[in-house]
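>>> Give me a 3D structure for the following:
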Amino acid sequence: MKLILKNPIVLFIFFLGVVLVVCFPKAIKESVFLALLCLMGNATGAVQDCKYHLVSDYYFTSSNSSDEVIVLEKEKGILQEVVPTKVYFFDYNRSHIIAKREDLKKKRSSVANEQGEKPKIYDYWIIEVEKRKVHGPMSWEEFENKRRELSVSQRLHFDNFFRGWHLETWW
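I've put the predicted structure just below:
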């Protein structure tokens, strides 16, 4: 433990974690802790994988912040990928999980935006938790139509930082 705490990055992340956990309500402490644990693991090389329980048998997993997926645990220790990498944001309740994912197979536009960045291409997913049914990949319009059809709560959204976090947003 002494070796890990001598690393200034780890100390900063640890201090940030203490501040965030004290300042934020109980409902988001778990997500803050998970994100900081993943960051601390990446800074030390000690932790390579993170597994975050969503609902029922569904989990968000991350390996080295490059393989971020939503999986279904079919049996103890046997995971089936249901939303492939690279999941950027997710939110969930007891009946549905929604996910926003960068489509790594489709090429980015060759036209850069004002900041000189090429825009990413995203697709969207809905998981019916009880039925274990996955809808996706979908365009934004298809996602909104399917959301209405399945009566997915409007409380689920992609701008909720702590419920749908991505490790790159912490750097």
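>>> Show me the shaky parts of this structure.
With pLDDT under 70 as the threshold, the chain has low-confidence stretches at 1-14, 16-18, 20-49, 64-66, 106-113, 115-116, 118, 160-171.
>>> Apply 90 and report the result again.
Along the chain, segments meeting pLDDT under 90 span 1-53, 60-69, 74-79, 85-89, 102-121, 157-171.
>>> could you point out which element follows the longest strand along it?
Scanning the chain for the longest strand, with DSSP state E as the assignment, gives strand 67-75. Once strand 67-75 ends, the next helix or strand along the chain (criterion: DSSP states H and E) is strand 78-83.
>>> Give me the sheet partners of that next one and which way each runs.
In the sheet containing strand 78-83, its partner strands are strand 67-75 (antiparallel), by DSSP bridges.
>>> Now the strand it pairs with: buried residues?
Of all the residues in strand 67-75, those buried under the rule 16 or more other CB atoms under 10 Å are 68-72. (C-beta placed from N, C-alpha, C; glycine too.)
>>> what's residue 93 in contact with, if anything?
Contacts for residue 93 were tallied using CB atoms under 8 Å, 6 or more residues apart in numbering; they are 55, 153, 155-156.
>>> what about the strands in the protein?
Under DSSP E, the chain gives strands at 49-55, 58-63, 67-75, 78-83, 87-92, 96-102, 122-128, 133-138.
>>> so how far is residue 126 from residue 51?
Per CB to CB, to the nearest Å, residue 51 is found 22 Å from residue 126.
>>> So which of these two has more stuff around it?
More neighbours surround residue 126 than the other of residue 51 and residue 126, with 22 against 13 (other CB atoms under 10 Å).
>>> So which of the contacts of residue 93 is surrounded by the most neighbours?
Most neighbours among the contacts of residue 93, by other CB under 10 Å: residue 156, with 19 neighbours.
>>> who touches that one in this structure?
Contacts of residue 156 by CB under 8 Å, 6+ apart are 91-93, 96, 98.
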